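*Asks:* With the input below, show me the fold.
(one chain, ligands or ions: 1)
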Amino acid sequence: MRFNDLGLRAEILQSVAAEGYDIPTPIQAQAIPVVLSGRDLMAAAQTGTGKTAGFTLPILQLLAGRDTGLSLKKFRPRALILTPTRELAAQVHDSVRVYGRHLPLKSAVIYGGVGMGPQTRLLKQGVDIVVATPGRLLDHVSERNADLSGIEILVLDEADRMLDMGFIRDIRKILSLLPKRKQSLLFSATFSDEIRALAQGLLTDPASVEVARRNSAAEAVTQTVYPVDRVRKKDLLVKLIQDHGWHQVLVFTRTKHGADALARHLEKSGITAAALHGNKTQGARQRALDDFKRLKINVLVATDIAARGIDIDQLPQVVNFELPNVPEDYVHRIGRTGRAGSDGAAVSLVCVDEAKLLRDIERVLKRSIEKCVVPGYEPDPSIRPEPIQKPRQPRSGVSHGKHGDTNKGRDRQGNGKPDRRGNTTHGDRGAHHSGVRGR
Ligand code: AMP
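*Replies:* Numbering: from 1, shown residues only. Alright, predicted model coming up:
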């Protein structure tokens, strides 16, 4: 199947062709006809599958084919796309703009961490499509800047992450402001009971599409584990980057402190790097991301939530500086690479304390990951594993940042001091070492 076979209008096909896309990805091939038919949709699709165009293209088509006059006169947006993070909102909005550039549709992206003024002006001028994080959208609603009573199409993008980040109350509040009669699309990488409950209340007779089994993203990616002592991870990372000449590496750390410290260490070692996390201003985050995309910096060090939804074409290299506590997070992380058919490699630096986490990940992947010990970096066998701190799972009700901030409720900070083993005492959700005494 080609894009031309999907019944999309010429203006949209022109934009798609300009992006160099000819063949729809599986999620696009399945979701686009469903959305065009007006049906509700429940889609199991991870980032990297092309899901954004899967909902953006048919929404543009539907809105362009309907009369805009009435809604615009009343300043009412007609399509609402909710995302968990600012970065994802910005990316989805970029897609709306790119694919809709030949259509007379207006759009706005609404998220926290930046001034309300410019967003308010846009909303008051009238837009067809709003891409928003939940908290800031509600701020605009309470200021009477946004009237959601004209919404014809609703998208919940990465619904599982929105629930993980504690947005359920905000989402329910937003849903209560929308008209009952509308088309609703729910995209989620995983389908927990909570997601199913949300879907049941929201969707009417939905079509269900699933393109990738959970975790299947992992199969396209070459994965390697480097066993190494915790205190030597930074130096090993420098060596790997230099030896392999990696020029665009996304590195995951558990904590914001850890991200900052590692970025500083890399810079000191002559490798250009920046940290991306929720304590940075929106401007700094965007700058770091732009610099990374344009290869002005080689390494972006990010916490899980900050990295969520980052869309970089053909990201060649992902490094887990520390393993995540939840195997699904590992799958999400390595899903940053090997996207839409391109090759990618994921490397994990694993110390003795993380052996159980690694086993859990391998159990979920249903295979073991190749281990590679770097000469000179062999783990010291006299270091005994320390008990792993049970993660605190952020669920509904966790502080989530009213303005779509991404890290609250996850990165709780301690004093950030390293102990003998190189552990730090910033009590992140992911802290798995004995150093979280300061909690
Ligand atoms: P997404 O899952 O929406 O984040 O998209 C993942 C990546 O795939 C993005 O970088 C898109 O630009 C790219 N992409 C989307 N649709 C296609 C397509 N039909 N062919 C090739 N790449 C695509």
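*Asks:* quick one: buried residues of stretch 11-29?
*Replies:* 11-13, 15-16, 21, 24-29 (16 or more other Cβ atoms under 10 Å). (C-beta placed from N, C-alpha, C; glycine too.)
*Asks:* got a list of what the nearest residue to residue 49 once chain neighbours are set aside touches?
*Replies:* Leaving out its chain neighbours, the residue that sits closest to residue 49 by Cβ to Cβ, 6 or more residues apart in numbering is residue 27, at 4.7 Å. Residues near residue 27 by Cβ atoms under 8 Å, 6 or more residues apart in numbering: 43, 45, 49-51, 54, 209, 211.
*Asks:* Mind putting the residues you listed into CSV with pLDDT?
*Replies:* Below are those laid out as CSV (pLDDT from 0 to 100):
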residue, pLDDT
43, 94
45, 84
49, 81
50, 88
51, 92
54, 96
209, 90
211, 76
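*Asks:* Could you tell me which of those are located in helices?
*Replies:* If you go by DSSP state H, the contacts of residue 27 have 51, 54 in helices.
*Asks:* Could you work out the most separated pair of the contacts of residue 27?
*Replies:* Spatial extent of those (Cβ to Cβ) is set by the pair 50 and 209 at 12.4 Å.
*Asks:* thinking again about what came up before, out of the buried residues of stretch 11-29, which comes closest to the ligand?
*Replies:* Closest to the ligand out of the buried residues of stretch 11-29 is residue 21 (3.8 Å), distances taken as Cβ to the nearest ligand atom.
*Asks:* Now for the nearest residue to that closest one once chain neighbours are set aside: which residues touch it?
*Replies:* Nearest residue to residue 21 in three dimensions, chain neighbours excluded: residue 3, at 6.7 Å (Cβ to Cβ, 6+ apart). Neighbour list for residue 3: 13, 16-17, 21-24 [criterion: Cβ under 8 Å, 6+ apart].
*Asks:* about what we covered before: hang on, the residue nearest to residue 49 in a strand?
*Replies:* No: secondary structure assignment (DSSP: H, G, I helix; E, B strand; the rest coil) places residue 27 in helix, not in a strand.
*Asks:* now it: how far from residue 319?
*Replies:* Using Cβ to Cβ, to the nearest Å, residue 27 is found at 27 Å from residue 319.
*Asks:* name the element the residue of the chain positioned farthest from its centre belongs to?
*Replies:* Taking Cα atoms, centre = their mean, the residue of the chain most remote from its mean C-alpha position is residue 382, at 38.8 Å. Using DSSP states H and E, residue 382 sits within no helix or strand.
*Asks:* before we move on, the earlier item: can I get the buried residues of stretch 11-29 in TSV with pLDDT?
*Replies:* Converted to TSV, the buried residues of stretch 11-29 look like this (pLDDT from 0 to 100):
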residue	pLDDT
11	96
12	97
13	97
15	96
16	95
21	88
24	91
25	88
26	88
27	91
28	94
29	93
